[in-house]
Structure formats: C-alpha cells, structure tokens
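**Student:** 3D model of this:
(one chain, ligands or ions: 1)
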Amino acid sequence: MSGGKAVRLDKLLANLGYGSRREIQALARAGAVLLDGVPVRDAAGRIALDPDLPARMTIDEAPLDPLPGVALLLHKPLGVTCSHKEAGSLVYSLLPERWRYRDPALSTVGRLDKETSGLLLLTDDGALLHRIISPKAHVAKRYRVTLERPLTGDEQRVFASGTLMLEGEEKPLLPAALEVHDATHAALTLSEGRYHQVRRMFAAIGNHVAELHRDKIGGLELPDELQAGSYRIMQDADIAALFAG
Ligand code: URA
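**Tutor:** Residues are numbered from 1 along each chain as shown. Below is the predicted model:
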C-alpha cells in the first residue's frame with residue numbers, strides 16, 4: 001500500500017537525524033538503504049510516507065526510525081532534567097543519539113522536576129502536544145507522594161476546596177483529589193500544571209514532599225514493566241487511554 005505523502009529520501013533521512021543530505025546520498029549509493037529488501041540508490045527519489053515504512057525500510061540493516069508524528073511514553077528516572085538547555089543529564093540522553101537531530105524535534109509534554117520520577121510523554125507532534133496540555137482537554141495527572149511529616153487529616157478538604165493559594169500567585173488552585181494511603185503516603189490528582197505544583201501545595205500546608213513520582217496521565221498508567229530510564233513508542237490504544245481518563 002502506498003498513499004502517504006511522498007518526500008525525497010535524502011530529506012526524509014536527514015530529518016530523522018541520519019546525517020547530512022550528502023552523507024545520505026553516500027549511504028544510498030553504497031547500498032545501505034533497502035526498501036522491501038531492494039537497495040534504493042537514488043537519494044533524490046521520492047518515498048511515500050506510509051505508516052508501514054519503518055517495517056519495510058532498513059538503514060545499515062536496522063529498521064528505519066519512527067516517522068515524524070511519533071509519541072513516546074518514558075519512565076523518567078530521578079536525576080535527569082526535562083529541559084533542552086540546562087547542563088547535566090537530560091531526558092533526551094535516554095533516547096538514541098540520532099534522535100537529537102530529528103526535525104521536527106521531540107519535546108517533552110510538560111515537564112517533571114529533576115527529582116521527580118515517573119510517566120513522561122514526548123512527541124514531535126505539536127497538535128497532539130497541545131491537545132494534551134490544553135486546559136480544555138482536562139487531562140488529569142496523578143502523583144504518588146511520600147511526605148516528610150505525617151498527614152494531619154485536613155489535607156483532603158483543603159486540596160479539594162478550590163481556594164488554596166500558592167505563594168506568589170494570584171489565582172487559587174483548582175480542586176485537587178488526595179487519596180491517603182497511610183500517614184506519609186498519598187496520591188494526588190491534579191487537573192492543572194503549575195510550576196512545582198505538588199511540592200508547593202504540601203509546602204503551603206506545612207509539610208514537605210520527600211519523594212514524588214507521576215504514575216498516570218489521563219487514563220494512561222505508567223506500565224509496570226517499563227523500567228526507569230526506558231521508553232516505548234505510544235500506540236493508538238495509549239493515545240485513546242490518555243484522553244479517556
Ligand atoms: N509537581 C511538582 O512539584 N513537581 C513535578 O515534577 C510535577 C508536579
């Protein structure tokens with residue numbers, strides 16, 4: 001089946017980070033690019049961007065990387081940063097190196113603090129990103145929280161009230177749901193995403209977050225089998241789950 005938009009092979013591979021157009025021309029001439037097992041030697045030739053292309057094309061005997069329009073589900077470990085700019089260990093270093101050169105680039109869907117672990121989505125699809133983070137989409141996020149001091153019993157009411165103000169802000173927080181597990185463990189579900197929101201909410205009521213882990217976005221849970229530092233490509237069912245929450 002071919003029906004997808006067609007692009008030049010050298011442009012496609014350059015935008016997936018495989019090298020400069022000149023390097024790709026050399027790869028193709030050397031017979032390193034196969035489509036259905038047959039060498040594609042003309043890098044100026046057009047290739048249909050069909051969804052099954054990564055299963056049909058190989059580069060140096062490895063399957064072609066995911067086409068633009070990809071979304072990833074990543075288990076962010078502690079100690080890595082979501083920003084593109086900051087120094088130190090970045091979430092992007094958990095992905096294949098070549099992916100840093102993709103155009104359109106992969107970006108995180110919102111952020112987690114360096115010292116927060118858990119479910120983080122990345123995509124190069126701007127429309128999808130906006131659908132997830134738009135306040136209108138009401139995609140809730142759930143955080144598992146370990147506290148330094150025992151809960152007092154009042155937190156559920158305060159967080160659900162819709163009146164809690166964070167320091168330096170002018171608008172109260174939207175109601176948030178707290179599920180208490182024991183004296184120092186709880187799950188907090190937020191329907192907005194302000195800067196360091198969970199840590200600041202507990203600080204506002206005199207407690208301190210010792211550990212923070214996001215385990216759910218919308219209806220999509222962090223899969224148990226996905227180890228910290230690992231990722232997988234999101235499938236249609238994952239996207240459906242995300243918006244079904
Ligand atoms: N709230 C926080 O305080 N930190 C995060 O990483 C996410 C939500």
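
**Student:** now do the helices in this protein.
**Tutor:** With DSSP state H, the ranges of helices along the chain come out as 9-15, 21-29, 53-56, 126-133, 155-160, 197-204, 236-244.

**Student:** what's the most buried one of the ones you listed?
**Tutor:** helix 9-15 (a mean of 21; mean count of other C-beta atoms under 10 Å). Quick note: C-beta positions are derived from backbone N, CA and C, even for glycine.

**Student:** tell me the residues of this protein that contact the ligand?
**Tutor:** 112-113, 116, 196-199, 212 (C-beta under 6 Å from any ligand atom).

**Student:** make it 8 Å
**Tutor:** Selection of the chain residues close to the ligand by C-beta under 8 Å from any ligand atom yields 111-113, 115-116, 141, 143, 190, 193, 195-201, 209, 212, 214.

**Student:** keeping just the C-alphas, turn stretch 51-64 into PDB.
**Tutor:** Only the C-alpha atoms of stretch 51-64 are listed here, as PDB (Å, rounded to 0.1, in the frame of the first residue of the first chain):
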ATOM      1  CA  PRO A  51       2.900   4.100   8.300                       C
ATOM      2  CA  ASP A  52       4.500   0.800   7.500                       C
ATOM      3  CA  LEU A  53       7.700   2.300   6.000                       C
ATOM      4  CA  PRO A  54       9.800   1.600   9.200                       C
ATOM      5  CA  ALA A  55       8.900  -2.100   8.800                       C
ATOM      6  CA  ARG A  56       9.900  -2.100   5.100                       C
ATOM      7  CA  MET A  57      13.000   0.100   5.100                       C
ATOM      8  CA  THR A  58      16.300  -0.600   6.700                       C
ATOM      9  CA  ILE A  59      19.400   1.600   7.000                       C
ATOM     10  CA  ASP A  60      22.600  -0.400   7.600                       C
ATOM     11  CA  GLU A  61      20.500  -3.400   8.300                       C
ATOM     12  CA  ALA A  62      18.500  -1.800  11.100                       C
ATOM     13  CA  PRO A  63      14.800  -0.800  10.800                       C
ATOM     14  CA  LEU A  64      14.100   2.800   9.900                       C
END
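
**Student:** may I see the buried residues of it?
**Tutor:** 53-54, 57-59, 64 (16 or more other C-beta atoms under 10 Å).

**Student:** quick one: buried ones out of the residues of the chain next to the ligand?
**Tutor:** By 16+ other C-beta under 10 Å, the residues of the chain next to the ligand give 111-113, 116, 141, 143, 190, 197-201, 209, 212, 214 as buried.

**Student:** thinking again about what came up before, now the buried residues of stretch 51-64 in JSON lines, with distance to residue 91 and pLDDT?
**Tutor:** Output for the buried residues of stretch 51-64, formatted as JSON lines (distance: C-beta to C-beta, whole Å; pLDDT from 0 to 100):
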{"residue": "53", "distance to residue 91": "26", "pLDDT": "97"}
{"residue": "54", "distance to residue 91": "22", "pLDDT": "96"}
{"residue": "57", "distance to residue 91": "27", "pLDDT": "98"}
{"residue": "58", "distance to residue 91": "28", "pLDDT": "98"}
{"residue": "59", "distance to residue 91": "25", "pLDDT": "98"}
{"residue": "64", "distance to residue 91": "23", "pLDDT": "98"}
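
**Student:** tell me which of those residues is nearest to residue 149?
**Tutor:** Using C-beta to C-beta, residue 54 comes nearest to residue 149 of the buried residues of stretch 51-64, at 50.2 Å.
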